[in-house]
Each structure stands twice: as structure tokens, then as C-alpha cells.
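# pasted the sequence and its predicted model underneath.
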Number of protein chains: 2
Amino acid sequence: MLSYTEENYLKALYHLMVEKDTKPEAGTNELAAYLGVKPATVNDMLKKLKDKKLITHERYGKIRLQTSGRKLAIEIVRKHRLWETFLYEKLDFNWHEVHDVAEQLEHIQSPKLIEKLDAFLNYPSFDPHGDPIPDKDGNMPKSQRRPLSKSVEGCRVVILGVSEHSELFLNYLSDNHIGLNDKFTVERITPFDETMRLSSKKNPDILVSNKAANKIQVTCLRSDCGCGKM
Amino acid sequence: MLSYTEENYLKALYHLMVEKDTKPEAGTNELAAYLGVKPATVNDMLKKLKDKKLITHERYGKIRLQTSGRKLAIEIVRKHRLWETFLYEKLDFNWHEVHDVAEQLEHIQSPKLIEKLDAFLNYPSFDPHGDPIPDKDGNMPKSQRRPLSKSVEGCRVVILGVSEHSELFLNYLSDNHIGLNDKFTVERITPFDETMRLSSKKNPDILVSNKAANKIQVTCLRSDCGCGKM
DNA sequence: TATAAAAGTTAGGCACATCTAACAAATTGT
DNA sequence: ACAATTTGTTAGATGTGCCTAACTTTTATA
């Protein structure tokens, strides 16, 4: 049984290594900065995780997740994203409010609870931020997601998520009535600065800068619009 | 902000004092036994809770909850019972499975979460065990509940809960198809040992000993059956 | 009422997760 | 290539929640 803190270290390693940069290792300082603790503290914990065979790490070397550690990390990610989905879909939380509460809920120990929650939510594949939810065997659903900026004029897209989670950005999206699962048509892309003009049922004219479009993840709803392979 | 452990001490005091015996104070050993720790450990914590003005306690004296401590304890009880209700009603947990998971969930810190959960469950007044759920101001709903053993022949009753939560007893109820919110008619009470013969739609003949009937909480559905004031 | 039993307290210690300060190794930049 | 910078490690300390062992006060009873 892992402590609350040990779980957080594994999850942090997973995010740093597998999700952030897709490199297979991380450093002590990097991990310390990510978790908001001092490198010395990380060192103590590395020793413990190494004893439990969850990571590999030798003096002055890089940290790697072992298979068992990665498996546990994915379980925690699964719990986190299922809870976020629950909060968003069932309890009417806003997009940017779910993370902090899910951060607590992910540590609840009860395999049955997670299975039942998954079923209750109808086995969702993506959380409210559009991030993939691993299934109970740890498999990530594959998505055809891409940044909105890759779409071309005439594309019909659905919002899958975002690649930046700052409150500033999430509020920007709210203000512009861009929400998860909303559908838009790309009406026009200004050649000079690539600002996109979108339309939706609710709002026939939304301007999105290239900077924002890069951080909005979508999937294209047509196979014939020329925006590239699905 | 209270720690997980501090919260558990407050809740334990509340249960010992307010619910178990309705006496306004508790002893160190009693609390230690209830929490499964040593008296010395309790002593350390009492000091901390006293410093935070949540309890009163003087050397070799009894422990009492202060108003602020009682308020916090009731909040935790509220959270616990709302989560139990959620697990039972929405996630199909069994009656006796909800407690342990709720024990973890009750410590999640998010006022909004509890408000939303309460609304999602439609502001329930009683949890799956039939225990009252305090509202957000700490008021307990009043119930007309009484032990089944107080009912008389001809009574039509609905099961509100139980006053013993052992797995043995809960299984006894399952085996006899006695569940929360089930309705029964008291057909006959054997004069010698007060064994009750009940009938329900599902099962026309259930025998319940006086011992069990004392631990089954019901409310009477008729005002004219002579079982006493509602 | 004196004493045995029960209840409560204190002192000292341990594991955990954290820190600071000092040090050691590896990387980098000229 | 070696000095400066970055990165990583160690030692020693702190606060929390728990323990055991020894002690003191209260209470119950012979």
C-alpha cells in the first residue's frame, strides 16, 4: 500500500516523463520543482520508491519508472480523470474547478468505487479537459486529436480539450463560449496572422488567435475537408 | 484547517458523546478504545485540540466538545452520510459496503463539492443506514423513527435503518429480504417471546425475533394503527 | 477508609515527510 | 581542459501521529 505522498511522486514522474516530454527519465531537481518540494526531500523519497521496486535510480543518475511504478501511476491518472469527469458532468463543476478536487479524490482507496464510477459515467474515454482516461487495464484510448490551428477552412470540428490549463486561458475560452464537446465550423482563416473565424449554433462569429488555436485540441468531424489524415 | 486525524478525533467525540449515550463528556481511555489507539496518543491530540479551542479538557478531567468543535464534527458526519447515500443510491454499493469508503471520502475538502453532491442526491434526510443527515447549517432532520419492536399488530411500517451495523446483522437482514425503504405489515406478534411475523410484497411470511426487531428502525405509515404517537 | 483497580499522564522514542546547510559530482562554456 | 554553474547528495533538524513503559490521580470495593 502506497502513502498519499508516494502516489503523488509516481504520478508526477509519469507526467514529467510520459506526458510532458515523452522522454523516459527525469532528474531530481526537475521532480522537486514539479512537486514544489526541495531536491533533498525528493532524494529521500527516491530511496523509498527504489526499495519498493517502483523506480530505478542510481547515484547521480536519472530516474526511470519501472513497469510496476508506471502501472500504479496510470491507475492514479485513471482515478483523477474519472473523478474530473464526474465533477464536470454530474455535479456541474466548471471546467477549471475540477482539478483541485480530483487531486484529493484520486487517492481514495477502493477498486470497487472506481469500477462503479466508471460504469456510472458510461465508461468515458476523455475527461473534461479532453485528456484520455486509461481503462481498467491501463490502456489509453487513441484519439485523432490535433490543435485547432491545424484545421483548414471549411473544417467542422469538435472541441476535445486544451493543452494549457491556466485559469487565464480557461476563462478566455469560457468568455468566448468555447466549451468541451462544442462543435464549430472553421469559416475563414486570415492569411496574415492565421486568426480563425469560427461559427457555432450558439455563436455565429468567434475570432480565435493562432496562439489560442494552438492550445485548443479538436478532432475533425468530416473526412473530406482536406485537413489531413484522421 | 484540520488534519485528517484531527477530524477523526472530533467525529469520534461526537459519536461517543452526542449519539452513543447522549452524555456531554467522554474519557481518554474511552476515546482511545473507540479510535483503536493508545490513551497516551489520545492525550497528545487532546492538547492540540484544546489549543485550537475545539474541546475543553483539564488534567484528569472529562473531555467536552466546544461549540466550534461540535460544528466541525457535524460537518464531517454530514459529509460521511451524503457520501454513503451517493454510494448506495448512485453506484449500487451494498448497504454494508458504504461505510469504509465514506470514511475516506468524508475528509475531502471542498465546500462546493458537498453542496453539489447534496443537490445531486436531492437533499436526502437519511443515509442508507437510516441515520439522519445534517443540513448545511448543521440541523438534524427530525424523524418519527422507532424500533420495529414498538410496533403493534396491524402496523404498516417502512424500514428506515438499523441501530447495529455489524456485518453479521446486516447479512441477517439481507438473508431475510429486509432492506432499506422496504415496507412491511406486522401480521402477528407471538405473545410469549414477541417474535414478529411480517409480510411484504416480495415475501409473505418473515419471522423476526425481538432481539432483531429492537435493532430495526422503522416509521409507521398509518396514523390509526394504535402503535403510538407519530 | 485504606487499598486495589481503573483511568489518565508523562517521558522518551520511532517513522514519515519535510526542511536547511554544506558538500560532491557532472555538465557547460570559454 | 579546467573553472564556473548546475545538479544531485548527505547530515542533521523539525512537526505530526503514533508507540511503550513508568508514573500519578481518581474511583470503586473489601
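Great, that's in hand.
# quick one: distance of the helix or strand containing A:Glu84 to the chain centre.
Assessed by DSSP states H and E, A:Glu84 sits inside helix A:67-89. Relative to the centre of its chain, helix A:67-89 is centred 10 Å away, using C-alpha atoms, centre = their mean, to the nearest Å.
# that helix near DNA strand C anywhere?
No: if you take C-beta under 7 Å from any atom of the strand as the test, helix A:67-89 misses DNA strand C, and the best it gets is 14.2 Å. C-beta here means a position set from N, CA and C on the backbone, and glycine is covered the same way.
# residue numbers of chain A in contact with DNA strand C?
Residues of chain A lying close to DNA strand C by C-beta under 7 Å from any atom of the strand are A:3-6, A:36-38, A:40-41, A:44-45, A:48, A:60.
# among those, which one lies nearest to chain B?
Proximity of the residues of chain A next to DNA strand C to chain B (C-beta to the nearest C-beta) peaks at A:Tyr4, which lies at 9.2 Å.
# quick check: that closest one vs A:Glu84, distance?
For A:Tyr4, the distance to A:Glu84 equals 18 Å [C-beta to C-beta, to the nearest Å].
# circling back to that earlier point, of the residues of chain A next to DNA strand C - the most surrounded one?
Neighbour count (other C-beta atoms under 10 Å in any protein chain shown) singles out A:Met45 as the most crowded of the residues of chain A next to DNA strand C, with 20 neighbours.
# leaving out sequence neighbours, find the closest residue to it.
Nearest residue to A:Met45, sequence neighbours excluded (C-beta to C-beta, 6 or more residues apart in numbering or on different chains): A:Tyr9, at 5.3 Å.
# also A:Glu103?
Nearest non-adjacent residue to A:Glu103, counting by C-beta to C-beta, 6+ apart: A:His80, 7.1 Å away.
# so that neighbour sits against A:Asp100, correct?
No: with contacts defined as C-beta atoms under 8 Å, A:His80 does not count as touching A:Asp100, sitting 11.0 Å away.
# between the two, who's got more neighbours?
Ranked by neighbour count (other C-beta under 10 Å), A:His80 and A:Asp100 place A:His80 first, with 22 against 10.
# show me what contacts the more buried one?
Counting by C-beta atoms under 8 Å, 6 or more residues apart in numbering or on different chains, A:His80 makes contact with A:11, A:102-103, A:105-106.
# in CSV, list those along with pLDDT.
CSV is the format used below for the contacts of A:His80 (pLDDT from 0 to 100):
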residue, pLDDT
A:Lys11, 97
A:Ala102, 97
A:Glu103, 97
A:Leu105, 98
A:Glu106, 98
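# surely A:Asn43 touches A:Gly27?
No: if you go by C-beta under 8 Å, A:Asn43 and A:Gly27 don't touch, sitting 11.5 Å apart.
# and for these two, which residues touch both?
Counting by C-beta under 8 Å, 6+ apart, no residue touches both A:Asn43 and A:Gly27.
# quick one on the thing from earlier: so which of the contacts of A:His80 sit within helices?
When DSSP state H is applied, these are split such that A:11, A:102-103, A:105 fall in helices.
# for the residue lying closest to A:Tyr88 once chain neighbours are set aside, phi and psi?
Spatial nearest neighbour of A:Tyr88, excluding adjacent residues (C-beta to C-beta, 6+ apart): A:Pro128 at 3.9 Å. A:Pro128 adopts backbone torsions of phi -60, psi -20, taken as degrees, to the nearest 10.
# likewise A:Leu207?
phi -100, psi 130.
# isn't it up against A:Ser199?
No: using C-beta under 8 Å, A:Leu207 is not in contact with A:Ser199, being 10.9 Å away.
# neighbour count winner among those two?
Using other C-beta under 10 Å as the criterion, A:Leu207 and A:Ser199 rank with A:Ser199 on top: 15 against 12.
# distance-wise, check that one relative to A:Met17.
40 Å.
# do A:Pro24 as well
Distance, A:Pro24 to A:Met17, using C-beta to C-beta: 6 Å.
# what parts of chain A come near DNA strand D?
Contacts of chain A with DNA strand D, taken as C-beta under 7 Å from any atom of the strand, map to A:27-30, A:39-40, A:43-44, A:46, A:57, A:59-62.
# and the helix or strand that contains the residue nearest to A:Met45 with helix A:67-89, angle?
Per DSSP H and E, A:Tyr9 falls inside helix A:4-14. Calculated by axes from the mean of the first three to the mean of the last three C-alpha atoms, to 10 degrees, helix A:4-14 forms an angle of 100 degrees with helix A:67-89.
# other residues contacting the next helix or strand after helix A:4-14?
Next helix or strand after helix A:4-14 toward the C-terminus (DSSP H and E): helix A:28-35. Applying C-beta under 8 Å, 6+ apart, the external contacts of helix A:28-35 come out as A:8-9, A:12-13, A:15-16, A:38-39, A:41-43, A:46, A:63.
# which residue does chain A have closest to DNA strand D?
Proximity of chain A to DNA strand D (C-beta to the nearest atom of the strand) peaks at A:Gly27, 2.6 Å away.
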